[in-house]
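# This is a predicted model, with the sequence first.
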Amino acid sequence: MNVELQINNSANPPARFVSWAPSPCRIRITNPSGATSPIVTVRLSFVAAGTGAVGFRKTTSGLFSATLSLSVPITGVSVPFFVAGRFGQPSTNNSDVRIDAHVGAALVGSLKVMVRVRKNANNLTAGERDRLVAAFAQLNNQGAGRFADFRDMHTNVTSPQAHGAPGFLPWHRAYLLDLERELQSIDPSVALPYWRFDQPSPNIFTREFFGVSDSIGTVQFSAANPLQFWRTDGVPGINRRPFFSTAVAPPGLRTEAQTLALGNAYPAFRTLEGNPHGSAHTSFGGFISSIGTAARDPLFFLLHCNVDRLWAKWQRQFSRFDPAVAASFDGAANPIGHNLPNTMWPWNGITGAPRPPTAPGGALAASPCVSAPGPQPRVRDSFDYQGSVNAVSRLGFDYDDVPFS
Ligand SMILES: [Cu+2]
C-alpha cells in the first residue's frame, strides 16, 4: 500500500514548509494493494532530525498532537488534515522534520518538511546566518539583481505610499513579504530575521553577518561574506555609522513593552512609526538613517521585520487581526494607498499622480505554500497574516515568539 501526502494542499516539494499557523494538508491512497477493508486507518507521526517539531490535527480547530489517525478510503479520495510547527521548536535546517504515514507497522508514505519562521537575527546559527547573507547577496548580484526593485520601491518619491499615514504597517508587511519570497526562491530554507533594536544584538554587527562599520561608516565584511560585493545605485558598499555601541541596544528607543502599551486602538499604536521605528533608523548615520536611502542597507529589512513583529504582537494582544474590527485600523479618510480597500503601490502597477511615476518590481511574488495576499494586495490583505480570522488570508510567515492566535 502507498499513500500520497500533500503539505499546503500541494504535491509540489517547494510547498513543504510550515509555521505556527495551521497548514491545510491532505492524504490519499495511491496504491490500495493489501488493504483488507474499504477504509484504512493511517497513522501520522514525525521524526525530528534536528530542532524542528510539528503537530497534527484533523479539523480546523482543536489541539495539535504528535500523532494522528485518519480513516482513508481505498478509492483514492483525499482526506484533509492540518500540520503546524510546534511553538518554540522551529527548524534550523531545511527538511529537518520527517512526516511518516503508517498502516499497522508498515510505512506507506513519508516526506520531509521545515518549520520555517522568522527568528531573532542575534540568535541564528552560523548556518542560518550564512544562508541568509548568501541569499541577500545573490538577490543583489553586485547591483545587477532584482534587489534593485526593492531599493527603488522605497525612495523619497515613493515615500507617501508607505509612510506618515495608517498604511505604514500594512505596506511594509507586504514589502517584507515580497522580499522574503524572493530570498526564498533563491534558498527556501531562509526566513527574514528581525533585529530586536531594544536589546543588545552584538551577533548582528559582526564581519560575518551585517558587518562592522569603520570610523567613516564604511561597513567591513569578512573575506567569506558575500555582502562585501553589495552594490546599490551604482555605488559599491554600505555606509552605516552607529551612534551607539553595537554591543548594546541604541539608547532612547521605546522598549517592546512600552510599544505594546501605546494603546489598544490602531491610531495610538501607529505612533510607533516615530519611536521606536524612526528612532531605530536615526540611531545611525549613513544610508539607513533616512527614507530615501534606507533600503540601500540590507540591515533595513531586519529593522523593519522587528517593526512588523511588534505589530503582530500587538495584534495578538488585542485581537486586531480582523480589518473589519474598527480598532484594528484607522478608518478615517486617509490618503490613497492608506485605506483598507485601496490596492498598494507598486504591486498594483498604477503610475501617475497621486501614485509615483514608476512601479518597480511588478506583482508581489507568489508563494508555493499560500495563495494570499495575491499579486496586487490591498491594505486589508496585510492584517490576518496567520489566517486566524479567515484561513485563506494566511500569508505564510510567523515569528518565533508570536504563537498562532
Ligand atoms: Cu519605510
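Structure received.
# average pLDDT across the one helix or strand residue 302 maps to?
Assigned by DSSP states H and E, residue 302 falls within helix 299-318. Averaging pLDDT along helix 299-318 yields 98.
# Are we agreed that residue 270 is in a helix?
Yes. Under DSSP: H, G, I helix; E, B strand; the rest coil, residue 270 sits within a helix.
# Test my guess that it contacts residue 170.
No. The pair formed by residue 270 and residue 170 falls short of the contact definition of Cβ atoms under 8 Å, at 10.6 Å. C-beta here means a position set from N, CA and C on the backbone, and glycine is covered the same way.
# quick one: which of these two has more around it?
Comparing residue 270 with residue 170 by other Cβ atoms under 10 Å, the one with more neighbours is residue 170, at 27 against 20.
# Phi first, then psi, for that one.
Dihedral pair for residue 170: phi -60, psi -40, per degrees, to the nearest 10.
# dump the residue contacts of residue 217.
Contacts of residue 217 were listed using Cβ atoms under 8 Å, 6 or more residues apart in numbering, and they are 239, 240, 241, 285, 286.
# Phi and psi next, for the nearest residue to residue 293 once chain neighbours are set aside.
In this structure, residue 293 finds its nearest non-sequential neighbour in residue 287, 4.3 Å apart by Cβ to Cβ, 6 or more residues apart in numbering. Per-residue torsions, residue 287: phi -50, psi -50 (degrees, to the nearest 10).
# Backbone dihedrals for residue 3, please?
Torsion angles, degrees, to the nearest 10, at residue 3: phi -120, psi 160.
# Please name the nearest non-neighbouring residue to it.
The shortest distance from residue 3 to any non-neighbouring residue, by Cβ to Cβ, 6+ apart, is to residue 109 (3.9 Å).
# Relative to residue 78, how far out is the one you found?
13 Å (Cβ to Cβ, to the nearest Å).
# So which of these two has more stuff around it?
A side-by-side neighbour count of residue 109 and residue 78, using other Cβ under 10 Å, places residue 109 first with 21 against 15.
# circling back to that earlier point, if I look at the residue nearest to residue 293, how far off is residue 217?
9 Å.
# anything in contact with each of the two?
With Cβ under 8 Å, 6+ apart as the test, residue 287 and residue 217 both reach 239, 240.
# Are any of the contacts of residue 217 buried, and if so which?
For the contacts of residue 217, a neighbour count by 16 or more other Cβ atoms under 10 Å gives the buried set as 239, 240, 241, 286.
# Columns secondary structure, distance to residue 101 and pLDDT on top of those residues, output as CSV?
CSV is the format used below for these (DSSP: H, G, I helix; E, B strand; the rest coil; distance: Cβ to Cβ, whole Å; pLDDT from 0 to 100):
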residue, secondary structure, distance to residue 101, pLDDT
239, strand, 54, 98
240, strand, 50, 98
241, strand, 55, 98
286, strand, 53, 98
